[in-house]
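Student: Here is a sequence together with a model predicted from it:
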Amino acid sequence: MEITIRDEFIRLGQAMKLAGLVENGVEAKDVITEGKVSVNGETELRRGKKLRDGDSFTYGQQTVTVRAPRQD
């Protein structure tokens, strides 16, 4: 699965909401601080972790890749 962002980066909690993996920021915070989310293959405990084009995160069985529009 891929999500497209408008800016240079998106924070992990926001990305999880955008991908539809969590309902709200509280749920995102809970699953992240419980160690249930990995970013680029490593467990991430910070909801505010900045994700940029090409980064991916995994929660449960779902992996999501972040894409940013090309800046020409």
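Tutor: Sure thing, it's come through.
Student: contacts and neighbour counts: CA atoms only from here.
Tutor: Noted.
Student: so how far is the one helix or strand I3 maps to off the chain centroid?
Tutor: For I3, the host element (DSSP states H and E) is strand 2-4. Relative to the mean C-alpha coordinate of its chain, strand 2-4 is positioned 10 Å out (C-alpha atoms, centre = their mean, to the nearest Å).
Student: and it, which residues are buried?
Tutor: Using 16 or more other C-alpha atoms under 10 Å as the test for burial, strand 2-4 gives no buried residues.
Student: With stretch 29-39 instead?
Tutor: For stretch 29-39, by 16+ other C-alpha under 10 Å, it's K29, V31, I32, V37, S38, V39.
Student: hey, where'd the helices end up in this protein?
Tutor: 12-18, 25-33 (DSSP state H).
Student: Identify the residues contacting the strand holding I3?
Tutor: A15, L18, A19, V64, T65, V66, R67, A68, P69 (C-alpha atoms under 8 Å, 6 or more residues apart in numbering).
Student: mind listing what the residue nearest to the fourth one when sequence neighbours are not counted touches?
Tutor: Ranked by C-alpha to C-alpha, 6 or more residues apart in numbering and with sequence neighbours excluded, the top spatial neighbour of V64 is M1, at 4.9 Å. Applying C-alpha under 8 Å, 6+ apart, we find M1 in contact with Q62, T63, V64, T65.
Student: Run through the bridge partners of the first one.
Tutor: For Q62, the residues forming beta bridges with it (DSSP bridges) are Y59.
Student: How many neighbouring residues does it have?
Tutor: 10 (other C-alpha atoms under 10 Å).
Student: quick one: pLDDT of it?
Tutor: Model confidence at Q62, expressed as pLDDT, equals 95.
Student: just for this protein, where's the confidence low?
Tutor: Applying pLDDT under 70 to the chain flags residues 71-72.
Student: Cool, thanks, talk later.
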